[in-house]
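Q: This is a predicted model, with the sequence first.
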Amino acid sequence: MSEVLWWKKESWYESKNVPLFGFFVSPRQLIFLLSTGLVGLAMQAFIPVYWVKVMIVFVSVISGAVISSFPSNVIPWELAVLAEIVWREKKAAVPAEPRQLDLQVHRLPSNVPLAFVGEIYAEKPTDVILYVDGEERARASVTDKSPRYRLYYLPEENEKGAHEISVVAEGKTLKTLRVEVS
């Protein structure tokens, strides 16, 4: 019986290649050690008893070492939290300005689907609708937990010629496109 072994390629962020006091640490661990050490130093400034100050710094650095030693699967959790904090305010529900109508006509074979993919950040469930020549063809629902949508336009047998395709959410046009089906 044979066995296949597989190792995930380690990212530079988690590879232990930085020497520190006889140990090798990863950049992620180094960032954690420095940041928790600085937090411990900031916290100890308000404590008058010396041994309590030392314990606060020691416990904060050790907690940083323990937390950073947990492996991350795909995206380290601290980067996900940072991204959520930094980019949460920048997310708009629906773009304020609709994209202009493409003047160029896109040629599309009759058996090839055309995909429309995007993200909408909405507080409540919102429907994203695909219109072909003003008629609804596909619909997807997005929420604050799952903001991505994917809609497909697959030309039917009797749809030869030029068509106007629009993607609409909350009454606002997200994308408009002209397609010629051959």
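A: That came through fine. Residues are numbered from 1 along each chain as shown.
Q: Every contact and neighbour count from this point should use C-alpha atoms.
A: Noted.
Q: Have a look at this protein and report its longest helix.
A: Using DSSP state H to define each element, the chain has its longest helix at helix 50-69.
Q: ok, residues contacting that helix?
A: Residues from elsewhere that reach helix 50-69 (Cα atoms under 8 Å, 6 or more residues apart in numbering): 28-29, 32-37, 39-41, 43-45, 47.
Q: Give me the buried positions along that helix.
A: Applying a neighbour-count criterion of 16 or more other Cα atoms under 10 Å, one finds 53, 56-58, 60-65, 68 buried in helix 50-69.
Q: helix or strand right after that helix?
A: Later in the chain than helix 50-69, the nearest helix or strand by DSSP states H and E is helix 77-87.
Q: Name the residues of whatever helix or strand comes next after that next one that are buried.
A: Counting by DSSP H and E, the element after helix 77-87 in chain order, helix or strand, is strand 105-108. Going by neighbour count (16+ other Cα under 10 Å), the buried part of strand 105-108 is residue 108.
Q: Shouldn't residue 117 be within a strand?
A: Yes: per DSSP: H, G, I helix; E, B strand; the rest coil, residue 117 lies within a strand segment.
Q: give me the number of residues near it?
A: Other residues within reach of residue 117, judged by other Cα atoms under 10 Å, total 11.
Q: what's the closest of the contacts of helix 50-69 to residue 136?
A: Residue 136 has its nearest neighbour among the contacts of helix 50-69 in residue 28, at 48.9 Å by Cα to Cα.
Q: The longest helix of the chain vs helix 77-87, what angle?
A: Counting by axes from the mean of the first three to the mean of the last three Cα atoms, to 10 degrees, helix 50-69 points 100 degrees away from the direction of helix 77-87.
Q: If you average the pLDDT over helix 50-69, what comes out?
A: The average pLDDT within helix 50-69 is 89.
Q: which ones among the contacts of helix 50-69 are found in helices?
A: Cross-referencing the contacts of helix 50-69 against helices under DSSP H gives 28-29, 32-37, 39-41, 43-44.
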